[in-house]
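J.: Give me a model of this one.
(one chain, ligands or ions: 1)
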Amino acid sequence: MVLAQLGGSISRALQQMSNATIIDEKVLSDCLNEISRALLQADVQFKMVRDMQSNIKRIVNFDDLAAGHNKRRIIQQAIFNELCKMLDPGKPSFTPKKGKTSVIMFVGLQGSGKTTTCTKYAYYHQKKGWKPALVCADTFRAGAFDQLKQNATKAKIPFYGSYTESDPVKIAAEGVERFKKENCDLIIVDTSGRHKQEAALFEEMRQVSEATKPDLVIFVMDGGIGQAAFDQAQAFKQSVAVGAVIVTKMDGHAKGGGALSAVAATKSPVIFIGTGEHMDEFEVFDVKPFVSRLLGMGDWSGFMDKIHEVVPTDQQLELLQKLSEGTFTLRQYQNILKMGPSVQVLSMLPGFSAESMPKGHEKESQAKIKRYMVMMDSMTNAELDSTNPKLMNESRIRRIARGSGRQVSDVMDMLEEYKRLANILSKRKGFKIPKKGEMSALSRNMNAQQLGKFLPEHMVKQIGGYGSLQNLMKQMGSKDMMGGMFGGDR
Ligand SMILES: Nc1nc2c(ncn2[C@@H]2O[C@H](COP(=O)(O)OP(=O)(O)OP(=O)(O)O)[C@@H](O)[C@H]2O)c(=O)[nH]1
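T.: Have a look, this model is predicted:
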């Protein structure tokens with residue numbers, strides 16, 4: 001994920017600035033140049049980068065800052081705000097309501113991942129108790145209906161389409177009508193894509209939109225599109241009322257910076273990102289935790305949400321404790337993998353960046369995770385909980401391979417990856433976690449001083465001290481941040 005590199009570069013620039021004895025215009029300029037270079041390398045549009053730079057310079061006016069002002073804090077806050085502004089168009093997109101019919105139309109270029117994303121979107125809502133349905137109005141690409149049908153069948157989602165009807169407008173209208181009668185609350189219309197922006201595609205889209213009157217049009221964009229993103233997104237916006245963006249393929253080599261351009265071009269927020277071909281590889285996109293992650297400040301709320309979602313209750317505290325101590329057993333590895341690819345999960349922790357992860361982790365596919373989980377299921381409790389690297393001897397490895405139906409080399413591979421990760425984590429220990437009794441009280445009324453007690457010293461410094469932390473908490477909504485962190489009410 002190139003975005004991880006962007007995060008690494010930005011937090012390094014901030015760190016360098018934090019290390020400077022005196023922060024003057026030159027230090028700020030160097031820091032901003034570094035950040036701008038990183039953004040441009042991530043394919044963020046030149047104009048946006050230039051605007052960001054001049055906005056920050058305007059906010060951080062050294063002449064106006066009285067001595068004693070915490071410049072570091074003001075600069076970091078300004079960078080945080082500007083990055084959020086780039087990704088936040090200022091108004092939320094239409095949010096469908098469960099139980100009330102909404103029509104959602106998907107548009108995008110061919111190959112952007114539109115059809116896959118329609119099913120992911122439907123599946124995501126279905127898991128939350130919605131009644132979604134899929135309509136295939138893509139009559140241009142032979143096989144589009146089959147693809148949608150196959151995905152929909154697998155996820156047990158009702159679908160509508162035709163092998164013989166060539167008019168997408170007719171299919172879309174009929175499909176929407178049918179599912180309205182069936183009281184589906186989320187009717188998703190997949191439209192045709194083309195290789196490039198063409199008048200015919202836009203005309204067809206306009207007609208489908210007129211016939212189905214969507215409550216929301218979602219523009220699907222390949223995360224790897226680069227500098228072309230702005231023009232492409234703008235062209236779609238000019239034809240139909242795009243209200244939200246989904247960026248796909250963020251698992252691959254996508255630079256991701258195009259997402260920022262798409263937000264600017266459509267004045268619509270990114271609502272989800274696609275992180276793989278699998279139905280589950282789909283994440284809600286929230287600006288502030290995302291920027292916080294980019295700046296190396298972590299995303300506690302996301303991390304704790306994941307823990308609560310998949311890690312057995314009696315193991316949650318232990319997982320946090322072990323992570324903070326830097327003792328990472330196979331049991332912890334198993335729990336992390338339940339939460340998703342380790343690179344994504346661990347980059348939610350403050351002080352971690354995906355960049356610091358061992359090479360190869362970005363390719364942790366669902367299949368590989370599944371394979372590892374099966375092998376771990378064949379391990380004994382003693383093996384899973386051991387901190388002794390010598391425990392896994394030849395006979396144990398053979399037994400695990402036999403028990404899981406894998407090769408000895410597969411078990412060795414998995415152990416190797418575990419060791420590399422454990423090694424990284426042992427060097428990054430240091431965040432402290434609250435004691436059991438402190439949890440609920442802290443989750444509601446915590447101030448920056450109290451939160452600071454649980455963070456490593458260098459991180460508090462990097463954030464810009466307690467003042468910045470307090471601001472960050474305010475920015476992120478302390479209830480949200482703390483609720484996520486300590487499992488309080490949300
Ligand atoms: N790695 C990865 N692949 C994805 C993601 N989303 C979609 N894909 C893959 O991208 C390819 C194109 O996806 P489709 O859903 O067929 O694309 P489309 O935009 O619907 O194409 P048309 O229907 O022809 O317009 C497929 O191989 C998908 O599996 C993602 O988030 N990550």
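
J.: any idea how far residue 406 lies from residue 372?
T.: Distance, residue 406 to residue 372, using C-beta to C-beta, to the nearest Å: 10 Å. C-betas here are computed from N, CA, C, even on glycine.

J.: hmm, I was thinking of residue 127
T.: Counting by C-beta to C-beta, the gap from residue 127 to residue 372 is 23 Å.

J.: Please say which of those two ends up with more neighbours.
T.: A count of neighbours by other C-beta atoms under 10 Å puts residue 372 above the other of residue 127 and residue 372, at 24 against 11.

J.: Neighbours of the closest residue to the ligand within the stretch 201-350 of the chain, how many?
T.: Using C-beta to the nearest ligand atom, the closest approach of the stretch 201-350 of the chain to the ligand is made by residue 274 at 2.7 Å. For residue 274, the neighbour count with other C-beta under 10 Å is 26.

J.: and it, backbone torsions?
T.: Dihedral pair for residue 274: phi -90, psi 130, per degrees, to the nearest 10.

J.: Now it: closest residue in space, sequence neighbours ignored.
T.: Closest residue in space to residue 274, ignoring its immediate chain neighbours: residue 248 at 3.6 Å, by C-beta to C-beta, 6 or more residues apart in numbering.

J.: Now do the contacts for that neighbour.
T.: 112, 113, 116, 117, 220, 221, 222, 223, 273, 274 (C-beta atoms under 8 Å, 6 or more residues apart in numbering).

J.: In strands, which of these appear?
T.: Among the contacts of residue 248, the members falling in strands (DSSP state E) are 220, 221, 222, 273, 274.

J.: can I get those in a markdown table with distance to residue 391?
T.: Putting those into a markdown table (distance: C-beta to C-beta, whole Å) gives the following:
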| residue | distance to residue 391 |
| --- | --- |
| 220 | 48 |
| 221 | 48 |
| 222 | 45 |
| 273 | 39 |
| 274 | 39 |
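
J.: Turn these into JSON lines, columns for pLDDT.
T.: Listed next are the ones in strands among the contacts of residue 248 as JSON lines, based on pLDDT from 0 to 100:
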{"residue": "220", "pLDDT": "95"}
{"residue": "221", "pLDDT": "91"}
{"residue": "222", "pLDDT": "89"}
{"residue": "273", "pLDDT": "89"}
{"residue": "274", "pLDDT": "90"}
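
J.: Can you tell me which of those comes closest to residue 377?
T.: For the ones in strands among the contacts of residue 248, the residue nearest residue 377 by C-beta to C-beta is residue 274; the value is 28.6 Å.

J.: quick one: which of the contacts of residue 248 is most hemmed in?
T.: Neighbour counts for the contacts of residue 248, by other C-beta under 10 Å, peak at residue 221, which reaches 32 neighbours.

J.: my guess is that residue meets residue 232, correct?
T.: Yes. With contact defined as C-beta atoms under 8 Å, residue 221 reaches residue 232; the gap is 7.1 Å.

J.: which residue of the protein sits farthest from its center?
T.: What lies farthest from the middle of the chain is residue 395; by C-alpha atoms, centre = their mean that is 40.4 Å.

J.: That one belongs to a helix, doesn't it?
T.: Yes. Judged by DSSP: H, G, I helix; E, B strand; the rest coil, residue 395 forms part of a helix.

J.: just to revisit the earlier point, my read is that the residue of the stretch 201-350 of the chain closest to the ligand contacts residue 245, right?
T.: No. The pair residue 274 / residue 245 is not scored as a contact, 11.5 Å apart, by C-beta under 8 Å.

J.: where's residue 302, which helix or strand?
T.: Assigned by DSSP states H and E, residue 302 falls within helix 300-310.

J.: what is the mean pLDDT for that helix?
T.: Averaging pLDDT along helix 300-310 yields 74.

J.: next one: that helix to chain centre, how far?
T.: 13 Å (C-alpha atoms, centre = their mean, to the nearest Å).

J.: which strands and helices sit next to that helix?
T.: helix 287-294, helix 313-325, helix 330-339, helix 478-486 (3 or more C-beta pairs under 8 Å, 6 or more residues apart in numbering; DSSP states H and E).

J.: any chance of these in JSON lines, plus distance to the ligand, mean neighbour count and mean pLDDT?
T.: JSON lines is the format used below for these (distance: least, C-beta to the nearest ligand atom, whole Å; neighbours: other C-beta atoms under 10 Å; pLDDT from 0 to 100):
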{"stretch": "helix 287-294", "distance to the ligand": "16", "mean neighbour count": "23", "mean pLDDT": "75"}
{"stretch": "helix 313-325", "distance to the ligand": "27", "mean neighbour count": "16", "mean pLDDT": "76"}
{"stretch": "helix 330-339", "distance to the ligand": "18", "mean neighbour count": "21", "mean pLDDT": "85"}
{"stretch": "helix 478-486", "distance to the ligand": "25", "mean neighbour count": "21", "mean pLDDT": "39"}
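
J.: So for residue 138, which of these sits nearest?
T.: helix 287-294 (30.5 Å).

J.: How far away from the center of its chain is that closest one?
T.: Going by C-alpha atoms, centre = their mean, where helix 287-294 is centred and where its chain is centred differ by 9 Å.

J.: now swap in stretch 110-118 and tell me
T.: 18 Å.

J.: anything in it sitting right up against the ligand?
T.: Yes. Using C-beta under 6 Å from any ligand atom, stretch 110-118 reaches the ligand at 110, 111, 112, 113, 114, 115, 116.
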